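S.K.: build me a model from this:
(4 chains)
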Number of protein chains: 2
Amino acid sequence: MTSPVEMDIKKESRNYLDHISLDCVVFGFHSNQLKVLVLHMKKTGEWVLPGGFVYEDESIEVAANRVLKVRTGLDQIFLRQFNVFSDPQRSNRNPTVADLLMSGQDHPEASWFNQRFISVGFYALVEYSQVQPQPDELSDICEWVNLDKIGKLMMDHNAILNKALETLRLQLTFQPIGYNLLPEKFTMSELRKLYETIFGKELDRRNFQRKMLAYDILSRLDEVRQGVAHKSPGLYKFNLESYQKALDEGLNGKW
Amino acid sequence: MTSPVEMDIKKESRNYLDHISLDCVVFGFHSNQLKVLVLHMKKTGEWVLPGGFVYEDESIEVAANRVLKVRTGLDQIFLRQFNVFSDPQRSNRNPTVADLLMSGQDHPEASWFNQRFISVGFYALVEYSQVQPQPDELSDICEWVNLDKIGKLMMDHNAILNKALETLRLQLTFQPIGYNLLPEKFTMSELRKLYETIFGKELDRRNFQRKMLAYDILSRLDEVRQGVAHKSPGLYKFNLESYQKALDEGLNGKW
DNA sequence: GCAAAAGTGTTGTAGCTACACCCATGG
DNA sequence: CCATGGGTGTAGCTACAACACTTTTGC
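M.R.: Next up is the predicted model:
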């Protein structure tokens, strides 16, 4: 399940839709590591993906953006829905959702959380350094965790994470990725390390550079990274126009 | 929205979940045409995609399979969810859903249909000749319509159809398609015509054959199609084992 | 025999892999 | 001056598009 942004549902003038939640796999990249944003629940000590519910007057995309704005401080995040998780048993475990979230079963909202939720999975790509992780009322920690250090998550959140990662890898083979994960200016090595991390394997330094440049989505700047050991690498930025075009039309596979 | 399989919701021992529906874009292939299964509503004369609702104790995939079993007579259909449609205004039009579905506003279930629905879009690939289209209580026609003959559909169903088609085309570039759309035995021309129809452009007859055979998902049979003009074409069938492998691992784009 | 479709062969090219090689920089 | 990473060049291979050519069948 999800960590609601506001707990006082009934006091809000806007109501949440029953049965529908969303969960976000927020990817960031730092020191050559792919990281995921997770929350640590106060009461049970379980780790969960950031998530939330949908107001009666908003689309699920707007809801996901709203949730992530609170959790990261960022607006207009790169967000893609990738799967709906609807196993009837997914929110039906011991301890129950309400047990985990509420301070006691006598809490008036406990039964609301005990309903069955169908969750729409989103993945988000964000620039690590721009994010200010914010826990909510139910959690004491909101932080980046290395992908390979993620342990057992609440409910089916491990399955959600795995499916997001699978989708991200698939996207990477026919769409550009990087604009949302890297700072504005970056070296070719940094971009390559990102690709290597997502794919989980090494790529040839020289061929990667040529292939990437051939896509024609990068602009080489008249700057180099200073203060680094060895030869100063050139800096690049994405050419937003052709980057967007590549997103829309795909990179290879033309038939 | 959707055409419910049963109308007497409250009389059922199983209840539908509020706010959640599903819509299916069912693709078939016949006489070199891509076709879509649509229903014609008795009361308003509008055309709609087959759809339904989710029981409290089933996953959305099971619900979609159940709906299509009633509509086509087929079970275990190739079914993929591709997008969630959640615009708050999508079920909020004139005439309203309840107007269209119920015989009058005084009908006891009218208000249930008037709630906001978030719809999970599925696309299905089926073998045309195996399908027995079945209308429901609210529709007088359930039939195949050529993709290029589809007119205005109810609500946002045209958008759902377009997104399904877009997804299908994308899938086609890196996954095999055909097993679910063609009869067991088929000629290379028939398979090529299917690809040409989905892509909406002609493909080189000779290169297509080589490329397809190189994928190693076809078995050439010791049979030819008889009674056809000109040279008898050889028949093929899919090699299910490698076909499934290609589905899982993808065909090209390796990095 | 001839038109039309099936089936196989060939050639040029683009893109990729796998390297070798040189360059720039910090220690 | 040397270790390390940055940048460019190139040979060989593979995949594929764009064809020519041959084979088979119905009329």
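S.K.: which strand of chain A spans the most residues?
M.R.: strand A:16-30 (DSSP state E).
S.K.: that strand close to chain B?
M.R.: Yes. Part of strand A:16-30 sits near chain B under the criterion C-beta under 8 Å from any C-beta of the partner chain, namely A:17-20. Where you see a C-beta, it was placed from the backbone N, CA and C, and this is true even at glycine.
S.K.: can you check stretch A:200-214 too?
M.R.: Yes. For stretch A:200-214, a contact with chain B is found by C-beta under 8 Å from any C-beta, at residue A:203.
S.K.: the longest strand of chain A - contacts with which helices or strands?
M.R.: Here strand A:16-30 touches strand A:33-41, strand A:51-55, helix A:60-72, strand A:118-125, helix A:157-174, strand B:16-30, going by 3 or more C-beta pairs under 8 Å, 6 or more residues apart in numbering or on different chains; DSSP states H and E.
S.K.: residue A:228 is nearest to which of the ones you listed?
M.R.: When the helices and strands packed on strand A:16-30 are compared by C-beta to C-beta, strand A:33-41 sits nearest residue A:228, at 18.8 Å.
S.K.: which helices and strands does the closest one pack with?
M.R.: Short answer (3+ C-beta pairs under 8 Å, 6+ apart): strand A:33-41 packs on strand A:16-30, strand A:47-48, strand A:139-146, helix A:188-199.
S.K.: my read is that residue A:41 contacts residue A:137, right?
M.R.: No. Checked against C-beta atoms under 8 Å, the pair residue A:41 and residue A:137 is beyond contact range at 10.8 Å.
S.K.: tell me which of those two has more neighbours.
M.R.: residue A:41 (19 against 12; other C-beta atoms under 10 Å in any protein chain shown).
S.K.: tell me who's in contact with the nearest residue to that one once chain neighbours are set aside.
M.R.: Closest residue in space to residue A:41, ignoring its immediate chain neighbours: residue A:139 at 5.5 Å, by C-beta to C-beta, 6 or more residues apart in numbering or on different chains. Taking C-beta atoms under 8 Å, 6 or more residues apart in numbering or on different chains, we find residue A:139 in contact with A:3, A:39-42, A:48.
S.K.: distance to residue B:67 added to these, as CSV?
M.R.: Formatted as CSV, the contacts of residue A:139 follow (distance: C-beta to C-beta, whole Å):
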residue, distance to residue B:67
A:3, 33
A:39, 36
A:40, 40
A:41, 37
A:42, 42
A:48, 32
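S.K.: between those residues, which has the least confident prediction?
M.R.: pLDDT across those is lowest for residue A:3, at 44.
S.K.: so where's the stretch 1-150 of chain A shaky on pLDDT?
M.R.: A:1-12, A:92-109 (pLDDT under 70).
S.K.: and the residue of it nearest DNA strand C?
M.R.: Closest residue of the stretch 1-150 of chain A to DNA strand C, C-beta to the nearest atom of the strand: residue A:31 (18.2 Å).
S.K.: what bridges to residue A:47?
M.R.: residue A:40, residue A:153 (DSSP bridges).
S.K.: wait, it sits on residue A:135?
M.R.: No. With contact defined as C-beta under 8 Å, residue A:47 does not count as touching residue A:135 (11.9 Å).
S.K.: where do the contact lists of the two overlap?
M.R.: Joint contacts of residue A:47 and residue A:135 (C-beta under 8 Å, 6+ apart) are A:39-40.
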